[in-house]
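In: Next comes the sequence, and after it the predicted model I'd like to discuss.
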Amino acid sequence: MLKQIWKHRWDYPYLLPALGVMGLLIVYPFFYTIFLSFYDTPSSRPEIFFIGLDNYRELFNDTTFQLVVKNTIVWSIFGTLCPFIVGFLAALLVNQKLRGLNFARGLMIVPYAMGFVPASHAWRWILHGDFGVITGTLQSLGLIKDSIPFLQQASLIMPSLIMINTWKSFPFVMIMLYAGLQTIPEALYKAARIDGASSWSQFWEITIPQLSNVLMVTTMLLFIGNMNQFTLIEIMTGGGPASLSEIIVTWIYHASFQTLRFGLASAASVLLFLVLIVFSIFYVRALTRSAVQGG
Amino acid sequence: MTRKQRKALHATVVYALIILLCLFALMPLLWMASTSFKTSSEQFVSPPRWIPQNPTLEHYAKIFFPTRISSGSFQIYFFNSLFISFMTTILALIVALPASYAFSRFSFPGKDAAYFAVLGRNMFPLIVFLIPLFSLMRILGWINTYTGLIVAYMTFTLPLAIWLLKGFFDGIPTELEKAGRIDGCTRFGAFMRLIVPLTASGMTAAGVNTFIQAWNEYGFARQLTESASMRTIPVGLAYFFTENTSDWGGLMASAFLFSVPVVILFMIIQRFFIAALTQGAVKQ
Amino acid sequence: MAEVSLKNIVKLYGDVRAVDGVSLDIHDKEFVTLVGPSGCGKTTTLHMIAGLIELDGGDILIGKNNVSELDPKDRDIAMVFQNYALYPHKSVRDNLMFPLRMRKIDKTTAEQRVNRASKILSIEQLLDRKPKQLSGGQQQRVALGRAIVRDPAVFLMDEPLSNLDAKLRVQMRTEIKHLQQELQATMIYVTHDQIEAMTMSDRIAVMDKGKVQQFGSPDELFNRPNNVFVAGFIGNPPMNLIPAQIVSEGGSKKLRMGQITYAPQTGRVHDLMNKAAGEKVIVGLRNTAIQMVAPGTAGSILTEVYTVEPTGDVTYVQTNIGDKMCTISSPDVAYRGRLGDPLSLRIDENRLYLFDDLSGKAIL
């Protein structure tokens, strides 16, 4: 081992700047978070106090945090499912052999290209309860009387956020699956047509099995991205009202920088780490499997 | 139905769905643009109008020619965003270039673990890193400085830059360095003189991508800056209503100005970016 | 099994006439090959027969039915693709079952057919493997199997051997030909390799620029090419095609090929020269129609050795005749001339072809 390292000693200088930066910004924060999760960090005093697992205990007993976990699950699952369905449909559509679809594909990428911040502000305005374009249009068509408070009414907040996420993330799914569709040999479809398969059978017998890895990778990336989605929710609702749209990452942010409970927030971060690591393992598995199959 | 009719029906359905999806995709940007050209009173008209009746540039005029230049004006935010994003890009490329080359070419002990650690960063939310980074920046005295933000931005720009550049290095045949070394280059010389010039397109893609990432960042910029004069545009937008109540026209105009360059940049590099995004996930 | 008729079929890609009025009548149980260089329209023609590409003109009949408007699945055809197009995620057995399953053939019958086909192709022991676990030759057999289980009216083969190495290609060539005879199948086979075409086919359609240049038996194509293209395409080594001019010298017509002026001895060649429309012609000579003779032999022409290429049972000599590099077979396999060695050559005038320089058509 040492011999190997010595043999490759001139490889490491290439990595030194990167490793230095990564160590400072990623490795240190990672372990510091774990460390801090066992401490009480009173905001009134500079010292910190070791309290063992108390932060974790507090989290498990906190009803708000339970709601936050529930919100995160709903958000992550439906925030993945909806963009996935729309994105898959878009990928299948732009994969047809018709004119002008490249152009359409370019247009459909716009939501993905837009930053979360301006997009969120735009949606805040579109969904505005009194003057929003959706409420206004529906009212003028006589379909509704009262305004719709998309971001205030408990039953509408999550669906609204998930809709916005569908808008923001479907292009990503489209890009990934379109790239996947492009790699399926045309001859397979030709063979299937000659073998008598309908479009429906072709989709289930060829497209889906051929895409299986890309589907897996895309879903995992989307799911992880949703669990980590901070900006969209923070700007749209700030987690409110009454924590109805709070998810774990926004909760961590608010616990750290609004209520200044750094220790408690760190404990939540560690729990989130653990969940994400499990998902990452699935993700890496899907990735390496597709790499192996790619030969 | 004959084959031709079936084909025509198929095309009609596809186009109809595509148009619907395109409208869905473009709606916010269009509405943003529409609002930004409306007078303050027309914003609240019911039914809402897509085409402003009395188009006005007043909101843009306010942005470009404010009655007074305050520390919270768009120009300051714009300069901050531009400077920070640009410096982040430069720094990320300088650090990522040799590292991604090493990941692409060498096989030293610990390589897989290091690469995994780099990529693994993307699995975790940035906000979680904010607590320790915040205390680190306080210790270093970098809160509310450009340096602090630029360095903090390495957290998420560096992994992506390394990943993108490694993809480009992987595409360059190793015979090139072998030939270079036979012709008398040192190993580092071969890298600098033969390989780096070939990655111009890769560096552009990675650079533009880094720039966009930094340009759009919100959480760090919000927490690691304190004074209004240090804010970037995304943070500035969030403070918009504290200075101008219900000025949706002004907010949409600022957001539109902020989005358009990024969308255009993205469109220009989308080919590279899509190639990078799908590499690994899609067998070629 | 059935006959297949193509009636003046056309395919346009923009302004390009990829298939330009192809008409062929293929008999029942016949093995017909479409051969030509890449871009000649042979694959497009095959895909049009399959129904994978729509016609822009003309009609296709299989049996007595006009199938021009039918879907591939309704044409009663099976096809073997260049890359086999085996379904990668399905086992060999499922690959073979697939066309039967899609046609809702009941399971026991389907299994019987799969077993029969795998026996014919001796792939029984591979049924549970995935295509990736098979060698190229084995994949080829499975692809054939998937076509056989259907028991179709017509087999279509799209360059099925081009992905195999040279040795395996020769072996599979034999097997496919044998299979066609055993199944008594009508088979339409596409290849760019004229040797494959010559060795396997009952009849060959040589295609170029979207048109059938000549349709006939291998012997016909070899011995009586219609035009310069067929002459140059069929046969290995290809026919030597030397640009020439018909000149009158001392009252008789001669052929001037570069610096060489050749005075034909036989009435046959003089007849051909008289029939020529213009002065400019192309002289076609197979490698065996030019013989190396002793220096000074009457009527011989003098050239020099360019290279000598021994292949074992034949030795080819390359030499310039009238500024055109020509290949001839040395009568002595052990001949090892060096660059610049003098050669005396005699032309076998009974096997000399003349083609019109403008139209390329054979002068007969």
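Out: That came through, no problem. Keep in mind the model is a prediction, meaning the values are calculated, not measured. Numbering: from 1, shown residues only, chains lettered A, B, ... in the order given.
In: switch to C-alpha atoms for all contacts and neighbour counts from now on
Out: Fine.
In: separation between residue C:52 and residue C:135?
Out: Residue C:52 is 28 Å from residue C:135, where distance means Cα to Cα, to the nearest Å.
In: So these two - more neighbours on which side?
Out: The neighbour comparison of residue C:52 against residue C:135 (other Cα atoms under 10 Å in any protein chain shown) goes to residue C:52, with 19 against 11.
In: okay, now the residue lying closest to residue C:121 once chain neighbours are set aside: neighbour count?
Out: Nearest residue to residue C:121 in three dimensions, chain neighbours excluded: residue C:141, at 6.3 Å (Cα to Cα, 6 or more residues apart in numbering or on different chains). Residues within reach of residue C:141, counting by other Cα under 10 Å, total 23.
In: Next SSE downstream of the host helix or strand of residue C:141?
Out: Assigned by DSSP states H and E, residue C:141 belongs to helix C:136-148. Counting by DSSP H and E, the next helix or strand C-terminal to helix C:136-148 is strand C:154-158.
In: Just checking: what are the partner strands of that following strand?
Out: Here strand C:154-158 is paired, per DSSP bridges, with strand C:77-80 (parallel), strand C:186-191 (parallel).
In: what comes into contact with the strand or helix carrying residue C:178?
Out: When elements are assigned from DSSP H and E, residue C:178 belongs to helix C:166-183. With contact meaning Cα atoms under 8 Å, 6 or more residues apart in numbering or on different chains, helix C:166-183 is reached by C:29, C:31, C:137, C:161, C:162, C:186, C:187, C:196, C:200.
In: same check, this time on stretch B:106-120
Out: With Cα under 8 Å, 6+ apart, stretch B:106-120 has contacts from A:1, A:4, A:5, A:8, A:11, A:12, A:22, A:280, B:103, B:159, B:160, B:163.
In: quick one: average pLDDT of that stretch?
Out: What stretch B:106-120 shows for mean pLDDT is 83.
In: Same question for stretch C:134-150.
Out: Averaging pLDDT residue by residue across stretch C:134-150 gives 91.
In: How far off centre is that stretch?
Out: Its chain's C-alpha centre and that of stretch C:134-150 lie 23 Å apart, by Cα atoms, centre = their mean, to the nearest Å.
In: now do stretch A:154-173
Out: 11 Å.
In: helices and strands of chain B: which one bottoms out on pLDDT?
Out: Lowest mean confidence among the helices and strands of chain B (mean pLDDT, DSSP states H and E): helix B:240-243, at a mean of 64.
In: ok, then the element right after it?
Out: Next along from helix B:240-243, by DSSP H and E: helix B:248-278.
In: What helices and strands are in contact with that next one?
Out: The helices and strands touching helix B:248-278, judged by 3 or more Cα pairs under 8 Å, 6 or more residues apart in numbering or on different chains; DSSP states H and E, are helix A:110-113, helix A:116-126, helix A:154-183, helix B:3-36, helix B:58-64, helix B:200-216, helix B:233-238.
In: where among these is the average confidence lowest?
Out: Among the helices and strands packed on helix B:248-278, helix B:58-64 scores lowest, with a mean of 82.
In: what's the next secondary structure element after that helix?
Out: Using DSSP H and E, the first helix or strand after helix B:58-64 is helix B:74-105.
In: Let me see the contact set for the closest residue to chain A within the stretch 101-250 of chain C.
Out: Of all residues in the stretch 101-250 of chain C, the one sitting closest to chain A is residue C:102 (5.5 Å; Cα to the nearest Cα). Counting by Cα under 8 Å, 6+ apart, residue C:102 touches A:195, A:196, A:197.
In: Present the residues you listed as CSV; the columns should include pLDDT.
Out: Below are those laid out as CSV (pLDDT from 0 to 100):
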residue, pLDDT
A:195, 92
A:196, 91
A:197, 92
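In: Outline the domain layout of chain B.
Out: Domain assignment for chain B by automatic domain parsing gives B:3-56, B:67-278.
In: My error: substitute chain C in the last question.
Out: Taken from automatic domain parsing, chain C resolves into C:4-223, C:240-363.
In: Deepest-packed of the ones you listed, please.
Out: domain C:4-223 (a mean of 19; mean count of other Cα atoms under 10 Å in any protein chain shown).
In: okay, how far is it across that domain, tip to tip?
Out: 26 Å.
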